[in-house]
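Colleague: mind folding the following:
(2 chains)
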Amino acid sequence: DAKTTQPPSMDCAEGRAANLPCNHSTISGNEYVYWYRQIHSQGPQYIIHGLKNNETNEMASLIITEDRKSSTLILPHATLRDTAVYYCIVRGHGGATNKLIFGTGTLLAVQP
Amino acid sequence: NAGVTQTPKFQVLKTGQSMTLQCAQDMNHNSMYWYRQDPGMGLRLIYYSASEGTTDKGEVPNGYNVSRLNKREFSLRLESAAPSQTSVYFCASSERGNDYGYTFGSGTRLTVV
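Modeller: Predicted coordinates:
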């Protein structure tokens, strides 16, 4: 699985967009980018994933660069409840053998 | 509520004691996983089960054994607990072929003294 690089921490003002970057320069053609988050003391929660096209769901948007070497998770209107560690993970698609391997993530602190 | 249930939520063991962490899911998922999380670190995969009847090692399997009892249940056993196994343990499940995410349990906080 390709490795990812994320900043250790970021701040965001409540109500503003939070843009969380991730570098994955060694990603291979069949690997997807996944984002999970972990609110303090809870199990991780799936947010979104994508291959090469931008994706949007009710939680967030995922922007993947054309060369696929980096991506950005966007929380359009951050709230205090979005304070969490956000993990960017690259893995192959489907099947249990394509396991989720977590790094240390980005601690997003949403400030009032 | 549908999801992944872990028991117990908290446990304190003495060095050398054994215990089994239980995990059950009611989503009819094929695949199940055990992770551990140490302070300030991401999750590390201990063991996983791609489907009922199969288990495989993850990144940090030493000191642990697992049993996929049936499709619903996947247990993690510590035969002789060590202080280095003090951690938070998370169980997760996923539907093979469905990449709309893993579902995680709420964790078991284990302290070995």
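Colleague: got the residues of chain B near chain A?
Modeller: Residues of chain B found near chain A (C-beta under 8 Å from any C-beta of the partner chain) are B:4, B:30-31, B:33, B:35, B:40-45, B:48-51, B:56, B:58-59, B:88, B:90, B:92, B:94, B:96-107. In this view, the C-beta of every residue, glycine as well, is placed from N, C-alpha and C.
Colleague: if you set the cut-off to 6 Å instead, what comes out?
Modeller: Neighbours of chain A within chain B, by C-beta under 6 Å from any C-beta of the partner chain: B:31, B:42-43, B:45, B:48, B:50, B:90, B:96-97, B:99, B:101, B:104-107.
Colleague: what's the first-to-last distance across stretch B:66-75?
Modeller: One end of stretch B:66-75 to the other measures 6 Å (C-alpha to C-alpha, to the nearest Å).
Colleague: okay, and the beta partners of the most centrally placed residue in chain A?
Modeller: The centroid of chain A falls nearest to A:Trp35 when counting by C-alpha atoms, centre = their mean (3.3 Å). As for beta bridges, A:Trp35 partners with A:Ile48, A:Cys88 under DSSP bridges.
Colleague: per-residue pLDDT, it?
Modeller: For A:Trp35, the model assigns a pLDDT of 95.
Colleague: which among the residues of chain B next to chain A end up buried?
Modeller: B:31, B:42-43, B:45, B:48, B:50, B:90, B:99, B:101, B:104-107 (16 or more other C-beta atoms under 10 Å in any protein chain shown).
Colleague: adding secondary structure and pLDDT, write the residues you listed out as JSON lines.
Modeller: Compiled in JSON lines, those are given as follows (DSSP: H, G, I helix; E, B strand; the rest coil; pLDDT from 0 to 100):
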{"residue": "B:Ser31", "secondary structure": "strand", "pLDDT": "89"}
{"residue": "B:Gly42", "secondary structure": "coil", "pLDDT": "84"}
{"residue": "B:Leu43", "secondary structure": "strand", "pLDDT": "90"}
{"residue": "B:Leu45", "secondary structure": "strand", "pLDDT": "92"}
{"residue": "B:Tyr48", "secondary structure": "strand", "pLDDT": "92"}
{"residue": "B:Ala50", "secondary structure": "coil", "pLDDT": "87"}
{"residue": "B:Phe90", "secondary structure": "strand", "pLDDT": "97"}
{"residue": "B:Asp99", "secondary structure": "coil", "pLDDT": "59"}
{"residue": "B:Gly101", "secondary structure": "coil", "pLDDT": "77"}
{"residue": "B:Phe104", "secondary structure": "strand", "pLDDT": "94"}
{"residue": "B:Gly105", "secondary structure": "coil", "pLDDT": "96"}
{"residue": "B:Ser106", "secondary structure": "coil", "pLDDT": "95"}
{"residue": "B:Gly107", "secondary structure": "coil", "pLDDT": "96"}
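Colleague: can you pull out the strands in the chain?
Modeller: Just so you know, I chose chain A. Counting by DSSP state E, chain A has these strands, from start to end: A:9-13, A:18-23, A:31-38, A:45-50, A:55-56, A:61-64, A:70-75, A:84-92, A:106-111.
Colleague: actually chain B
Modeller: Counting by DSSP E, the segments of chain B that form strands are B:4-7, B:10-13, B:19-25, B:31-37, B:43-49, B:56-57, B:65-68, B:74-78, B:87-94, B:103-104, B:108-112.
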